[in-house]
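Q: I would like the atomic coordinates for the input below:
(2 chains)
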Number of protein chains: 2
Amino acid sequence: MGANKKIKVLQQAIEKKMKSLSKREGFIYKPIDYILTAGGKRLRPIITLLAAESVGGNYRNILDAAVAVELLHTFTLVHDDIIDNADSRRGIETIHKKWCTNTAILAGDMLAGIAYKSLLKTRGDKLPEIAKVFTNAFITVCEGQDLDIEYGKKDLISVGQYYEMINKKTACLISAAAEIGAIAGGGSKQQVTALRNYGTNLGIAFQIKDDLLDVTGEAGKLGKPIGKDILEGKKTILLLKALEIAEPDDLALLKQVAKRQLIGNKKTESVKKIYHRLGVTEFARKEIVRYTLKAKRNISGLKANEATGLLTDLAEKIIHRNS
Amino acid sequence: MGANKKIKVLQQAIEKKMKSLSKREGFIYKPIDYILTAGGKRLRPIITLLAAESVGGNYRNILDAAVAVELLHTFTLVHDDIIDNADSRRGIETIHKKWCTNTAILAGDMLAGIAYKSLLKTRGDKLPEIAKVFTNAFITVCEGQDLDIEYGKKDLISVGQYYEMINKKTACLISAAAEIGAIAGGGSKQQVTALRNYGTNLGIAFQIKDDLLDVTGEAGKLGKPIGKDILEGKKTILLLKALEIAEPDDLALLKQVAKRQLIGNKKTESVKKIYHRLGVTEFARKEIVRYTLKAKRNISGLKANEATGLLTDLAEKIIHRNS
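A: So this is what the prediction gives:
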């Protein structure tokens, strides 16, 4: 099967499962259906399914757990969007904008519950272990969001703090996606560790790419506004690195960004120019390559099969993704 | 061991477990510790422990699951308080008032995650079954909160809709508390069903008592303001029954309540007087007795032991509780 064809098969299987969750009675299922059918890359459940197949499992037996990971991810997005006061997500209005904050709180809560419901359909004696990985990711993502909020209020954080934050906020769930697939697919301890580490490094690369796309991305492709991180003073790796190396001339504007005092798209463009001139966009690109290489190396010892190849491709795609 | 002494032993064991969860690093653990140490009756985990002992289990082995139930309950309270814009809970300021809405959203999410973490510590092969009951309760409580919001916007709902709402919003988690204890304690299918039904009926009685206390309760004892349901136009059994039987003279004011058009404590007092005059407070009292009787009957077939006796006492206490 061709690489794209297999991914499409997995995507369709995921979408089918997702759709089977919807159309329940009750008002609150409307925003839930709305966000579940809004698309998205389904990166995490695809990783779960590929991880399972890379260790000899069959993706059909892991679908409930894979969908659970996507549901957990969606739950965090719905609540994060309230917290970040985001207007759009996956190219559509966020739930709290289309309905209200209360609806978004409750819809997010429901998604977390439905995520566990899906997870618990997983058969076999691996369920307690899978549920523990899943729950640790749940808690860690919340801790990461907490750091994101707290660091957002500070004028400066260290690069170490940045990596701690993205590890918790983004990498941990991608890591859990891979680990759950590896466990459910019957992987050995060594294989599970390899895939967990793959997920962590891929997740870090993914988040740095997210930071980069806020600067280099094209409006309309990303599903959310460009330059948002700059306007919100998010502590991205680009900002932190720029603050580290900038000359006094540029430093004033960068400090404005860090202090969330920057207003207007014109200023955003000036900041982007500084990023390019200082080479921090290039630095971010190199970090992405470095972490995707790490991810690929993590799984280089696994038996070569279609799924392992696709996981390697996925890492490559992170470098080139533009949405 | 005397009745009160046993309950105290269980309460202390629960508090000890709860405290072991706190004192984690990170900003978000402050509001979590704050709400976890704010007291509360711990009704649900006590029911879990007693249910386990009533079927021959040892409460010490069920503590993690019992605490998980309390954590899940606390999670729903934190988010419900945002949605209801409540100022106080358990006699202290609500998290979203003391901190902010974003903190309360995240603290609630964390509590749900920590609840599962505690639940998953449960040993033995009953974990998947317990987790399913727990997760169904999670989803059902959210559905109940959804109904509460939706019915709150309507001018009238039927008594049937009221019972559906309190079943989902309140009774389901108390029922799950009992069922989880029964399963974890090694109860037979029949015993599990008996304790589940006990929880459901106790939960209904508990919620009707909550409705009643909003009218007859004493300020300061309840940990939340009296007359709040009237001011917010909550569809309590008292309001619904009063709307059913009131003469035109009283009906105008009651309709104002239902339409959330009532303002001021003086008017609240007038509504209370109507409730008393129409006998709907008395009706609510009778309903509480009816459902606690049902609950007691549900477990009358269980082997008589200390725990079964205490579960029967608990049902009795619901009738007389004033906080």
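Q: what stretches of chain A score poorly on pLDDT?
A: A:1-3, A:23-24, A:220, A:222-224 (pLDDT under 70).
Q: how about the strands of it, start to end?
A: Taking DSSP state E as the criterion, chain A contains strands spanning A:88-89, A:92-93.
Q: the first one: partners in the sheet, and parallel or antiparallel?
A: Next to strand A:88-89 in the sheet, as set by DSSP bridges, lie strand A:92-93 (antiparallel).
Q: residues in chain A within reach of chain B, list them.
A: By the rule C-beta under 8 Å from any C-beta of the partner chain, the part of chain A lying against chain B is A:26-28, A:76, A:79, A:82-83, A:101-102, A:105-106, A:108-110, A:112-114, A:116-117, A:120, A:127-128, A:131-132, A:135-136, A:138-139, A:142-143, A:145-147, A:149-150. From N, CA and C alone the C-beta is placed, and that goes for glycine too.
Q: run the last query once more with 6 Å
A: By C-beta under 6 Å from any C-beta of the partner chain, the residues of chain A that approach chain B are A:26-28, A:79, A:83, A:102, A:105-106, A:109-110, A:112-113, A:116-117, A:120, A:127-128, A:131-132, A:135, A:138-139, A:142-143, A:146, A:150.
Q: returning to that earlier point: export the strands of chain A as TSV, with columns for mean neighbour count.
A: Rendered in TSV, the data for the strands of chain A read as follows (neighbours: other C-beta atoms under 10 Å in any protein chain shown):
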stretch	mean neighbour count
strand A:88-89	18
strand A:92-93	16
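Q: nearest to residue B:194, of the ones you listed?
A: With distances scored as C-beta to C-beta, the stretch of these nearest to residue B:194 is strand A:88-89 (46.5 Å).
Q: returning to what we had before: tell me which of the residues of chain A next to chain B fall in helices.
A: Cross-referencing those against helices under DSSP state H gives A:79, A:83, A:102, A:105-106, A:109-110, A:112-113, A:116-117, A:127-128, A:131-132, A:135, A:138-139, A:142-143, A:146, A:150.
Q: neighbours around residue A:190, how many?
A: Other residues near residue A:190 number 11, with proximity taken as other C-beta atoms under 10 Å in any protein chain shown.
Q: same question for residue A:25.
A: If we define neighbours as other C-beta under 10 Å, then residue A:25 has 7 of them.
Q: can you check residue A:58 too?
A: When neighbours are counted by other C-beta under 10 Å, residue A:58 registers 12.
Q: do the same with residue A:314
A: When counting by other C-beta under 10 Å, one arrives at 22 neighbours for residue A:314.
Q: how about the one 5 residues further on?
A: Per other C-beta under 10 Å, the neighbour tally for residue A:319 reads 14.
Q: contacts only, for it.
A: Taking C-beta atoms under 6 Å, 6 or more residues apart in numbering or on different chains as the definition of contact, the neighbours of residue A:319 are A:288, A:292.
Q: again with residue A:120
A: Each residue near residue A:120 by C-beta under 6 Å, 6+ apart is listed here: B:131, B:132, B:135.
Q: could you redo the last one with a cut-off of 8 Å?
A: Residues near residue A:120 by C-beta atoms under 8 Å, 6 or more residues apart in numbering or on different chains: A:127, A:131, B:128, B:131, B:132, B:135.
Q: thinking residue A:311 is in contact with residue A:51, fair?
A: Yes: applying C-beta atoms under 8 Å, one finds residue A:311 in contact with residue A:51, separated by 7.1 Å.
Q: who has more neighbours out of the two?
A: Each of residue A:311 and residue A:51 has its neighbours counted (other C-beta under 10 Å); residue A:51 has more, 35 against 26.
Q: ok so, going back, mind checking the strands of chain A for the one nearest to residue A:238?
A: The closest of those to residue A:238 is strand A:88-89. By C-beta to C-beta, the value is 21.9 Å.
Q: just how off-centre is the closest one within its chain?
A: Averaging C-alpha positions (C-alpha atoms, centre = their mean, to the nearest Å) puts strand A:88-89 14 Å from its chain's average.
Q: check stretch A:159-174 too.
A: Between the mean C-alpha position of stretch A:159-174 and that of its chain there is a distance of 11 Å (C-alpha atoms, centre = their mean).
Q: hang on, the earlier thing: how about the contacts of residue A:120 in TSV, adding neighbour count and distance to residue B:47?
A: Rendered in TSV, the data for the contacts of residue A:120 read as follows (neighbours: other C-beta atoms under 10 Å in any protein chain shown; distance: C-beta to C-beta, whole Å):
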residue	neighbour count	distance to residue B:47
A:127	21	26
A:131	24	24
B:128	15	22
B:131	24	18
B:132	15	19
B:135	23	18
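Q: let's have those residues in TSV, adding distance to residue B:296.
A: TSV is the format used below for those (distance: C-beta to C-beta, whole Å):
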residue	distance to residue B:296
A:127	36
A:131	36
B:128	31
B:131	29
B:132	27
B:135	29
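Q: what is the nearest of the residues you listed to residue A:92?
A: Proximity to residue A:92 was ranked across those by C-beta to C-beta; first place goes to residue B:135, at 28.1 Å.
Q: neighbours of the closest residue to the closest one other than its chain neighbours, how many?
A: Taking C-beta to C-beta, 6 or more residues apart in numbering or on different chains, and ignoring the residues beside it in sequence, residue B:135 has residue A:116 as its nearest neighbour in space, at 4.4 Å. In terms of burial, residue A:116 registers 26 neighbours under the definition other C-beta under 10 Å.
Q: how much space between residue A:116 and residue A:128?
A: 13 Å (C-beta to C-beta, to the nearest Å).
Q: circling back to that earlier point, are any of the residues of chain A next to chain B buried, and if so which?
A: A:27-28, A:79, A:83, A:102, A:105-106, A:109-110, A:112-113, A:116-117, A:120, A:127, A:131, A:135, A:138-139, A:142-143, A:146 (16 or more other C-beta atoms under 10 Å in any protein chain shown).
Q: anything in contact with each of residue A:311 and residue A:51?
A: residue A:198.
Q: excluding sequence neighbours, find me the nearest residue to the residue in the stretch 201-323 of chain A that chain B sits nearest to.
A: Across the stretch 201-323 of chain A, the shortest distance to chain B (C-beta to the nearest C-beta) belongs to residue A:232, at 13.5 Å. Excluding its sequence neighbours, the residue lying closest to residue A:232 (C-beta to C-beta, 6+ apart) is residue A:260, at 6.6 Å.
Q: how about stretch A:180-199: buried residues?
A: So stretch A:180-199, judged by 16+ other C-beta under 10 Å, has buried residues A:180-187, A:191-192, A:194-199.
Q: tell me the two of the residues you listed that are most distant?
A: Checking the buried residues of stretch A:180-199 against each other with C-beta to C-beta, the farthest-apart pair comes out as A:186 and A:197, at 18.7 Å.
Q: on that earlier part again, neighbours around the residue nearest to residue A:232, how many?
A: Residues lying near residue A:260 (other C-beta under 10 Å) number 15.
Q: please tell me how far it sits from residue A:269.
A: According to C-beta to C-beta, residue A:260 stands 18 Å off from residue A:269.
Q: for residue A:40, grab phi and psi.
A: Phi and psi for residue A:40, reported as degrees, to the nearest 10, are phi 110, psi 160.
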